[in-house]
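Peer 1: Requesting a structural model of the entry that follows:
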Amino acid sequence: MCFSASASFISSSILVTIGTVSMVKSQTTPQKVLAGMPLLFAAQQFCEGFVWLSVKDHGFMGVRYPAMYSFLIMAQVGWPLFIPLCVFLVEKHNGRKKLLRYFLLSGIVTGIYFAWCLIRFDAHIAVSPYHIQYDLDFPLSKRWFYGIIYFIPAMLPTFISSIRRMNVLGALLLCSYLISRFCYKDYIVSVWCFFGALSSITALFVILQLVKEDTIVKLNEPGIITK
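Peer 2: As a prediction, the model looks like this:
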């Protein structure tokens, strides 16, 4: 697949549309938080679009580092925090919700760690014709378990959720990660975020499922008369 500024901006536009529809369809605060997932991915892709422009056009050089760090903050800090938070908020099964608290805690710790790394260590980009490589000289980045630190809060909660369509989101994120890891190893941050952004479209279908289930529960409540 060809990655470019156009790909980033087009995916951002699609995700803004999906996120807006998700917000309109959502009926509770937890659902609205989940509806923010496509919107945050849209912002992330929008930022990377400007990273691409700064590479292709020297007139955009001034926005390179603000756009790059905005992208990395969302990629490295935001998602390990936001994904377990979304899953925790919409979960209704008490036992699973208790377990998800630990993943939310791990997401907070992971987010703090990556935030510290972004503040303490330099980040650079290297560009091939169709990919951006983010060079992050973080502690532990060369160790085999480095990816697991990110994987635990950013993906596992979706598989623990009792919501079937949330499991689908998790499967899409996992497939995206594996494709990025084995096919685009040197560009995994950029490529996985691109595929992950498209996977976040599933959030709309999760919300539609939750709204339907809530409607059924309300209709079955005593005193509700249906024709």
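Peer 1: use CA for all of it now, contacts and neighbours both
Peer 2: Fine.
Peer 1: Check the gap between the residue lying closest to Met68 once chain neighbours are set aside and His131 for me.
Peer 2: Among residues not flanking Met68 along the chain, Val51 sits closest, at 6.0 Å (Cα to Cα, 6 or more residues apart in numbering). According to Cα to Cα, to the nearest Å, Val51 and His131 sit 11 Å apart.
Peer 1: So for the two, which residue has more residues nearby?
Peer 2: A direct count of neighbours by other Cα atoms under 10 Å for Val51 and His131 places Val51 higher, at 26 against 19.
Peer 1: For the more buried one, give me its contacts.
Peer 2: By Cα atoms under 8 Å, 6 or more residues apart in numbering, Val51 lies in contact with 5, 63-65, 67-68.
Peer 1: Is it possible to get CSV of the residues you listed that adds secondary structure and neighbour count?
Peer 2: CSV is the format used below for the contacts of Val51 (DSSP: H, G, I helix; E, B strand; the rest coil; neighbours: other Cα atoms under 10 Å):
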residue, secondary structure, neighbour count
Ala5, helix, 21
Val63, helix, 15
Arg64, helix, 20
Tyr65, helix, 16
Ala67, helix, 21
Met68, helix, 22
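Peer 1: Next up, the contacts around the residue positioned nearest the centre of the chain.
Peer 2: The centre of the chain sits closest to Trp79, judged by Cα atoms, centre = their mean, with a distance of 4.9 Å. For Trp79, the contacting residues are Ala154, by Cα under 8 Å, 6+ apart.
Peer 1: for Phe194, same thing?
Peer 2: Contact partners of Phe194, counting by Cα under 8 Å, 6+ apart, are 8, 45.
Peer 1: Which of the three states applies to it?
Peer 2: Here Phe194 is helix, with the state taken from DSSP: H, G, I helix; E, B strand; the rest coil.
Peer 1: sorry, back to before: mind telling me what element the residue nearest to the centre of the chain is part of?
Peer 2: Taking DSSP states H and E as the definition, Trp79 sits inside helix 79-90.
Peer 1: quick one, the helix-or-strand element of the chain with minimal mean pLDDT and helix 79-90 angle?
Peer 2: Within the chain, no helix or strand scores below helix 188-199, which has a mean of 80 by mean pLDDT, DSSP states H and E. Taking axes from the mean of the first three to the mean of the last three Cα atoms, to 10 degrees, one finds helix 188-199 and helix 79-90 inclined to each other by 30 degrees.
Peer 1: By neighbour count, which bits of the helix or strand that helix 188-199 is followed by are buried? Give me those.
Peer 2: Next helix or strand after helix 188-199 toward the C-terminus (DSSP H and E): helix 202-219. For helix 202-219, burial by neighbour count (16 or more other Cα atoms under 10 Å) applies to 202-211.
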